[in-house]
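1. need a structure here:
(one chain, ligands or ions: 2)
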Amino acid sequence: MTLPPDPNAIQQTLPMTTGLDFETFPLSEGASVYRFDTGPFNWYVIEEAGRITLVDAGFPRHYNVFRRGLMAIGRQLQDVEAIILTHAHADHMGFIERLRRETGAPVYVHEADAKAAQRQLQLPWATLLINAWHPYVAGMLTHATRNGIFVMPPIARVQTVTDGVRLDVPGRPTIIHTPGHTPGQIVLRLAATPIILAGDALITRNILRGTGDTPQLAASGLNSCSHQAQRSLNQLAGMGRVALLTGHGPAWRGDMDEAIAGARTRSATSTVKGRHRHV
Ligand SMILES: [Zn+2]
Ligand SMILES: [Zn+2]
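-> Ligands and ions are numbered 1, 2, ... in the order given. Modelled structure (predicted):
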């Protein structure tokens, strides 16, 4: 029997004997999204009918967390069917190339980020470095270094996707192109559920200060074009009540239009800008 998705009943933290914690969001019987929070960096495992889609991948050494996570949900490497990169920033690309080589799973990325995904160290460095005096950013950079950012291989082979495509992989996500954080930033809307995986198009923690737990845009200096990021929010309007799973920060539940309105207000009043960048 397939259960109807219920966004009000989806939070559950599993105590793991491995010392591993992740949050489970049931989709239907035999299908769930698992949210892994490795420091300030989130990534997700979608399980459906025993098969796996990985969405983003932290840093290279988070691979060990991924393997333990697979074991905890009773799955194995050969169950990995697809890998989706929400955008080509190094804090999301982590162990993708290793997993791609080990499983042969295709790596899907928007065509506008495909070239960047095949290069190393893709991050808005100027803004991160001028904010490195702040303890939160300093801690994030230390975490990135310890977890292998400087030894991360680029992704050797990708398959490009475009707006509106529904991938026939676990979770059956529809791709929504929301450029602005990067030119190829995408949001995933899972089939027949109110679960949205937003990457960094909408986040729930300020990446430069570690504050807040409400939907917001990344600070302007972290975006390829903040005006475009604002405009892209229109793509997400009218979705109703959702569970919003982001690249940074906790899950958020509520009406998507409320999330969008809040993000617009917060970015208009934000004082943490960093260095402004344009594509
Ligand atoms: Zn990013
Ligand atoms: Zn990020």
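2. quick one: the closest residue to ligand 1 within the stretch 151-279 of the chain and Gly249, what's the gap?
-> Distances between the stretch 151-279 of the chain and ligand 1 by Cβ to the ion are smallest at Asp200, namely 3.8 Å. All C-beta spots, glycine's among them, are computed from the backbone N, C-alpha and C. In this structure, Asp200 lies at 10 Å from Gly249, with Cβ to Cβ, to the nearest Å as the measure.
3. Just want to know which of these two has more residues nearby.
-> Shown here are Asp200 and Gly249; by other Cβ atoms under 10 Å, Asp200 has more neighbours (27 against 24).
4. what sits against the more buried one?
-> Shown here is Asp200, whose contacts under the criterion Cβ atoms under 8 Å, 6 or more residues apart in numbering are Thr86, His87, His89, His92, His181, Thr182, Gln185, Ala218, Leu222, Thr246, Gly247, His248.
5. Apply 10 Å and report the result again.
-> Taking Cβ atoms under 10 Å, 6 or more residues apart in numbering as the definition of contact, the neighbours of Asp200 are 42, 56, 86-87, 89, 91-92, 178, 180-182, 185, 187, 207, 217-218, 222-223, 229, 246-248.
6. could you check the distance from the residue of the stretch 1-150 of the chain found nearest ligand 2 over to ligand 1?
-> In the stretch 1-150 of the chain, the residue found nearest to ligand 2 is Asp91; the distance is 4.4 Å by Cβ to the ion. As judged by Cβ to the ion, to the nearest Å, Asp91 and ligand 1 stand 6 Å apart.
7. do Arg75 as well
-> Arg75 sits 27 Å away from ligand 1, going by Cβ to the ion.
8. helix or strand for the nearest residue in space to that residue that is not next to it in sequence, which one?
-> Closest residue in space to Arg75, ignoring its immediate chain neighbours: Ile52 at 5.8 Å, by Cβ to Cβ, 6 or more residues apart in numbering. For Ile52, the enclosing helix or strand under DSSP states H and E is strand 51-55.
9. Can you give the strand pairings for that strand, parallel or anti for each?
-> If you go by DSSP bridges, strand 51-55 pairs up with strand 41-48 (antiparallel), strand 80-84 (parallel).
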